[in-house]
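J.: coords please:
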Amino acid sequence: LTPSAVWRRTCSALCPMDTEADELEGWSYPSEVSAARKSTAVAPPPAAHASQSHRARDGTATCHPGTPPPPPVAVARPTASWLPQLPVSTCELQERLEVAGYAVFDHAAGPAWAASVRDEILGQVSQGTLTPSMNKLAAARDSVTGAVTAGHTLAKIGVFELDLCVNGEVREPEVLRQCPHIRQFWERDGPALATTLSAACPSLKLTGVDSIKLQYSNGTGGCFPVHYDTSLSHSRREVTAVLYLNPQWEKGDGGELRLYPFPLGTVDVAPRMDRLVLFNSTEMLHRVLPATAPRVCLSVWFARDGGSNRMSLPCRLPRAVAEDEGGGMLKFLLQPSNRKVLTKIVYANAWAESFEDAFGTGPEVQEALALNRADSKAATSTISAELLDLVRECLPIPVPPELATPVVCEEPQPTPSLSGTTPESAPTASTRGPLVAQAAAQPAAPATSGAEPGAQRPAALDVMSGTFGGMYSDAFIATVRPLYDLHMGVETMAPLLYALIRFTKPTIVMEIGAGYTTPFMLQALKDNYTEITHLRSLHQVGKCVVEGMPWCVESSVTGAQPFPLLQCVDNLAHEHTTAHLVIEAAEKLEALDHLDLYFKDAYEFLHERKGAEVDMAFLDFGQGDKIGVFITELWPHLRPGALVLVHSTLTNSLTRAWLESMREMANDVTSVFGSFATMSLREPHKMFQNSFSIFQKRDGFTEPILTKYP
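T.: Sure thing, here's the model as predicted:
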């Protein structure tokens, strides 16, 4: 499917012209529509009972007699905090986003915080701060350029909203002052949640909160048409988060969020109280069904790193489909340019129905729908019959039940700070989410000298659930097993490298000789990023402390967070190499973002290499002088304090001779290596591949003194 002018016209014409689409088509949305909103700023119509007539079919909103709007809510200081506590593993959350394209969490913010935010929004509703939700619809376009030449600005029926913060800036400071819990989210909890999400799905690269919108439907049939939240490549919005705040919602009240995670099937999400929905802002087609009862929600958009590529979600087929014979044919449907066009053809009827639900059946709506149908027909004519047959035969793919079921979050605990003691209300290991670092020490055993084996011991600080990491899972062992070959002799070297990387937290790691050790190193880098990301989120809210003292070095939890990377090189020359299996393993571990793999000669790679200095290098190739020449050329690429590990150095005569020469130079600061330290270790039970040597570049490097006591 090659993008063309007619297809681009289809992409823009078949969606309601939200802020981003307006700019795409040459409309000046912010000034024109904002002015229209100010001129029509009135108190929202009162909520109506479901039995009342809930829409006017001429495209205008109507006011019905009914229950009065809620009374003004007194503004107080925040009484609750939303520290992100998502009790789902990193891999599971990433699976939900990458396969289903969305994730749903129940009890996401906690009852106290959610109720407070609901009261704040309803307080603004009662003051008439929210104004009718507007959309522009394209009605005509130039036949040559495809540019929109006419359109209509219409209000959604019974829907009111307020853009509180836009593009990283506060638009309504006085309203934000009156909403302390929402302000707390804008300033503190939102950035922490962005950090948590990036840790779970590093490809997102979220930098914080971009925009916040208050939304209220009065129960007169208000809804949203089918649309994408943003359609411009330069928009900062990456992830949409909607927190629903409707404690009395019942089936039949409407207002469900309908998602179209193409090529998966349609999903309806009920707007229950304290339910959080996450999805991609640019590629998740969605709408809101008509609501016959009042509906309140807080919509948040998280910003991405402006220098990074957009994350396409969904980006993987369900495993069962991917492994099927037709899976390969369907993978191309996940390409954003293909998916956006096909959804507008597959869901053309849903598009038209949603427009009439949201805006009525007036002449302006019919004019816009006529243009949509013409553009859809033009796009359909450019697609081969074979492709259309494939789409009709294979789609939609059912959403896997395990991904469609909402994740039930534990209520936020009142002890989120790191501590050496455990308050009575501290969460137990069975209830704590793995993305949350908390003190979860067990009660101390009696202080007796004759304690039975296995008795509980005094409490100890537990960070990130104690010792944690992907290497300790059965799934990890199953993934790396096919890469093992006895001739390489790295069955204990691999976990040692994992532990060493976890301990020293390097940013740039180089590996010469890919294979069994590679996934261990990748998993360590991924786990490091998860750990530091979460510690940074705790630091942002002042809770990364132990006994009143900082737990982390300031520079490690502030400023730009580096993304750790493994630069792996292999020429595939070894007869027992398993380097060709590395990419598949990295994909299964969901660590491919941390890997740069080069199938070329190591010397050639080093001569061409540019970029950041190396923090750690693992060399597992050749022997004797060959290693010596390579390390000499590698040394200038090393950062002061960097570590170089060389495998199999002690018990073979060729490499031992080189090692002895290095040991002599360790005491000679005038050598080409300058000042460095070295040590070697041996596996005494093995004849071959039984040792390694480690070298540290000491020139310009000194460990800091941070505290007086250990």
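J.: what about L243, which helix or strand?
T.: strand 237-244 (DSSP states H and E).
J.: quick one: that strand to chain centroid distance?
T.: 11 Å (CA atoms, centre = their mean, to the nearest Å).
J.: counting by contacts, list what it packs against.
T.: Taking 3 or more CB pairs under 8 Å, 6 or more residues apart in numbering; DSSP states H and E as contact, the helices and strands that strand 237-244 lies on are strand 206-217, strand 275-280, strand 295-304. To be clear about C-beta, it is placed using only N, CA and C from the backbone, and glycine gets the same treatment.
J.: quick one: K588 and L566, what's the gap?
T.: 16 Å (CB to CB, to the nearest Å).
J.: cool, and G101?
T.: 28 Å.
J.: next one: P202
T.: Counting by CB to CB, the gap from P202 to L566 is 14 Å.
J.: which strand is the longest one in the protein?
T.: For the chain, the strand with the greatest residue count under DSSP state E is strand 148-166.
J.: between the helices and strands packed on strand 237-244, which one is closest to W249.
T.: Nearest of these to W249, taken as CB to CB: strand 295-304 at 7.7 Å.
J.: show me where pLDDT drops low in the stretch 201-350 of the chain?
T.: Residue ranges of the stretch 201-350 of the chain with pLDDT under 70: 231-234, 306-338.
J.: can you give me the helices in it?
T.: 319-322, 327-331, 336-346, 348-359 (DSSP state H, counting those that start in this stretch).
J.: kindly report the same for the stretch 601-710 of the chain.
T.: 602-608, 625-634, 653-665.
J.: for those helices, give me JSON lines that also has mean pLDDT and mean neighbour count.
T.: Listed next are the helices of the stretch 601-710 of the chain as JSON lines, based on pLDDT from 0 to 100; neighbours: other CB atoms under 10 Å:
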{"stretch": "helix 602-608", "mean pLDDT": "87", "mean neighbour count": "14"}
{"stretch": "helix 625-634", "mean pLDDT": "88", "mean neighbour count": "16"}
{"stretch": "helix 653-665", "mean pLDDT": "91", "mean neighbour count": "15"}
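J.: so for L285, which of these sits nearest?
T.: Using CB to CB, these put helix 602-608 closest to L285, at 43.0 Å.
J.: picking up where we left off before, now do the strand holding L243: everything it contacts.
T.: With contacts defined as CB atoms under 8 Å, 6 or more residues apart in numbering, strand 237-244 is touched by 108-109, 114, 117, 193, 197, 204-206, 210-211, 229-230, 257, 271-282, 284, 295-304, 310-311.
J.: and stretch 690-704, by the same measure?
T.: So stretch 690-704 is in contact with 489, 493, 631, 635, 638-651, 659, 662, 673-684, going by CB under 8 Å, 6+ apart.
J.: 6 Å instead?
T.: 638, 640-647, 649-651, 659, 674-680, 682-683 (CB atoms under 6 Å, 6 or more residues apart in numbering).
J.: cool, and stretch 568-584?
T.: 482-483, 485, 487, 511-515, 518, 597-599, 601-602, 605.
J.: coming back round to it: quick check on the contacts of stretch 690-704: which are buried?
T.: Among the contacts of stretch 690-704, those classed as buried by 16 or more other CB atoms under 10 Å are 638, 641-647, 649, 651, 659, 675-676, 678, 680, 683.
J.: cross those residues against strands and list the overlap.
T.: Those of the buried ones among the contacts of stretch 690-704 lying in strands (DSSP E): 638, 641-647, 676, 678, 680.
J.: biggest separation within these, which pair?
T.: Checking these with CB to CB, the most distant pair is G641 and H647, at 21.2 Å.
J.: next helix or strand past the host helix or strand of Q567?
T.: Secondary structure from DSSP H and E places Q567 in strand 565-569. Sequence-wise, the next helix or strand downstream of strand 565-569 (DSSP H and E) is helix 582-588.
J.: what distance separates that following helix from the middle of the whole chain?
T.: 20 Å.
J.: repeat that for stretch 536-547.
T.: 21 Å.
J.: and if you look at stretch 347-357?
T.: For stretch 347-357 - counting by CA atoms, centre = their mean - the centre lies 30 Å from the chain centre.
J.: kindly list the single helix or strand of this structure that scores lowest on mean pLDDT.
T.: Taking mean pLDDT, DSSP states H and E as the measure, helix 19-24 is the helix or strand of the chain with the lowest mean score, a mean of 30.
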